[in-house]
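Enquirer: pasting the structure only:
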């Protein structure tokens, strides 16, 4: 019998008490061994892990690369696959390979198949693509069913075609379909964090509001605790409420720490929009059971009138080269913004001659405005500055050529009051200019209304 | 009194690639209400502090966590050319000197 079949057989009992292990908030950076062992010792009814996010920026979605190192990712997958098969419980992983488009999913599946073979694990694998068919999205654009999020420009059909990858966030519904197909292991492309953990409760007929609220919290592992951290967390869903407990004894889930987590990365602390509806947490209650465990209740679920999908697309903008250097000369530091403007002008003349500028050259000066766009210079000058020069151009060769010329002319740029005529800047190593690969930007971040979610997130089954 | 003398946590993070969310967490009701009543934490004052157009900054009290959330647009979409902080995790600096 499948792992999920066994859960369904115990449905009546599990509706009263269902244990979910949130193994990782970002699979592939390493799972603390001791707290994972502690979590597995509690015999969870299912294990879930989130593997991606939009936070690391447009590069991963655009390039199809993983943000995590292959060896660490594989080690994390091995631990969870081994554990889930040993306990014979479902394992659900969302946003495979950092961004959840096809290349990320394929790379993750290749690791899963490899691990299964090497470890001698046998299971039924389900995988769910999240790439959005371009024609369907363009059709939705034409019928005005696509709306921008947070001030993005309205979506144009050309942007839909141009995106290097275009994914939609699947919800609980897609994971439920995979489980209904009796999958022991579900590897999903781009997915809402909640789907990973709300699907098993939904399948068993648990109340959706508390189950989704639980899912929203445990997808970040022990981040909802004080001190917050990456250790696995155990959630016990008891019908209308759930109890949170970190698997690291030093982390405490307190009413305040858990409530505060509702704010994390959310622009509205009261509502969480999902494909199938909205989670309302305004009336949620947080009560301490003891100093390490908190009971949460009161979240409500409002089913949506029509299903919606959050679309994410990323597009190449060019090739990036960077220059790394610094200065501790107060005369350079005091004039740095003028120096950089003057050098940029000189460089433009040298690398473009009479042609128009075909690249972007920008500088961040750490110590002055590298991290935050301060409106005014500091009251006192820093002792040292670090200068990060960045060029984006059509080709890597062009970006590199601009940065190399910039390096040389910045080193020897003359300015009034200059004393150090042998060089304005220090290089920490050679070469101080590096090619940094392809640069991307998010060009789709929109909501698409659809009639049906299922056809857009097909479940595929494979016996391993 | 400075905000940092009252708040337990002052943090910043993206809420999606176009929004910035700044969270202020307090240890007790008194500190929470004291901060919430300050004119320095009104939307217009916060817009001035962050150089954003008036009417574009939201202040959202969240009593369940004794927290105040400040939401505004990012100046640059996360990861676009010229971005300084892809995760938005270091945009709380102006709050560290804020006088309530």
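Expert: Sure thing, it's come through. Only a predicted model underlies this, so the values are computations on that prediction, with no experimental measurement involved. Residues are numbered from 1 along each chain as shown, chains lettered A, B, ... in the order given.
Enquirer: From here on, just use CA atoms for contacts and neighbour counts.
Expert: Fine.
Enquirer: Quick one: residues contacting residue 76.
Expert: By default, I'm working from chain A. Listed by Cα atoms under 8 Å, 6 or more residues apart in numbering or on different chains, the contact set of residue A:76 reads A:27-31.
Enquirer: Chain B was what I was after
Expert: When contacts are taken as Cα under 8 Å, 6+ apart, residue B:76 is in contact with B:18, B:82-83.
Enquirer: before we move on, back to that, can you tell me which of the contacts of residue A:76 is nearest residue A:73?
Expert: Of all these, residue A:73 sits closest to residue A:28, with 3.7 Å by Cα to Cα.
Enquirer: buried ones in stretch A:434-452?
Expert: For stretch A:434-452, a neighbour-count test (16 or more other Cα atoms under 10 Å in any protein chain shown) marks A:434-450 as buried.
Enquirer: Return only those of these found close to chain B.
Expert: Among the buried residues of stretch A:434-452, the residues within reach of chain B (Cα under 8 Å from any Cα of the partner chain) are A:440-442.
Enquirer: So what does the residue of chain B most remote from its centre have for phi and psi?
Expert: Within chain B, residue B:81 marks the point farthest from the mean C-alpha position, 24.0 Å out by Cα atoms, centre = their mean. Backbone torsions for residue B:81, taken as degrees, to the nearest 10, come to phi -60, psi 130.
Enquirer: Which positions in chain B make contact with chain A?
Expert: Residues of chain B lying close to chain A by Cα under 8 Å from any Cα are B:13-21, B:23, B:25, B:51, B:60, B:62, B:64-67, B:69, B:71, B:73, B:77-82, B:84-87, B:90-91, B:93.
Enquirer: If any of the residues you listed are buried, give me the ChimeraX selection for them.
Expert: Per 16+ other Cα under 10 Å, the buried members of the residues of chain B next to chain A correspond to this ChimeraX selection:
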select /B:13,14,15,16,17,18,19,20,21,23,25,60,62,64,65,66,67,69,71,73,77,78,79,80,81,82,84,85,86,87,90,91
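Enquirer: Nearest the geometric middle of the chain, what residue?
Expert: Let's take chain A. Central residue of chain A (Cα atoms, centre = their mean): residue A:53, at 1.3 Å.
Enquirer: hm, I was asking about chain B
Expert: Closest to where the C-alpha atoms of chain B average out (Cα atoms, centre = their mean) is residue B:22, at 3.4 Å.
Enquirer: tally of neighbours for the residue in chain A positioned nearest to chain B?
Expert: Here chain A gets closest to chain B at one residue, residue A:265, 4.4 Å apart by Cα to the nearest Cα. Neighbour count for residue A:265, taken as other Cα atoms under 10 Å in any protein chain shown: 19.
Enquirer: now swap in residue A:150 and tell me
Expert: Applying other Cα under 10 Å, we find 17 other residues in the vicinity of residue A:150.
Enquirer: That one reaches residue B:18, doesn't it?
Expert: Yes: between residue A:150 and residue B:18 there is a contact under Cα atoms under 8 Å: 6.1 Å.
Enquirer: Tell me the residues that contact both of those two, please.
Expert: residue B:73.
Enquirer: so what's residue A:198 up against?
Expert: By Cα under 8 Å, 6+ apart, the residues touching residue A:198 are A:172, A:208, A:211-212, A:214-215.
Enquirer: okay if I get these as TSV plus pLDDT?
Expert: Formatted as TSV, these follow (pLDDT from 0 to 100):
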residue	pLDDT
A:172	96
A:208	95
A:211	96
A:212	96
A:214	96
A:215	96
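Enquirer: Looking at these, point me to the pair that's furthest apart.
Expert: The widest separation within the contacts of residue A:198 (Cα to Cα) is 13.0 Å, between A:172 and A:214.
Enquirer: wait, what's in contact with residue A:366?
Expert: Applying Cα under 8 Å, 6+ apart, the residues near residue A:366 are A:385-388.
Enquirer: Give the bridge partners for it, please.
Expert: residue A:386 (DSSP bridges).
Enquirer: Residue A:297 now?
Expert: residue A:241, residue A:285.
Enquirer: Give me the neighbour count for it.
Expert: 23.
Enquirer: For residue A:452, which non-adjacent residue is closest in space?
Expert: residue A:307 (6.8 Å; Cα to Cα, 6 or more residues apart in numbering or on different chains).
Enquirer: so how many other residues sit close to that neighbour?
Expert: Neighbours of residue A:307 (other Cα under 10 Å): 17.
Enquirer: Ok, residue A:243 next?
Expert: For residue A:243, using other Cα under 10 Å, the count is 21.
Enquirer: now do residue A:158
Expert: 9.
Enquirer: Can you mark which positions in the host helix or strand of residue A:287 are buried?
Expert: Residue A:287 is located in strand A:285-288, with elements delineated by DSSP states H and E. Neighbour counts over strand A:285-288 (16+ other Cα under 10 Å) mark A:285-286, A:288 as buried.
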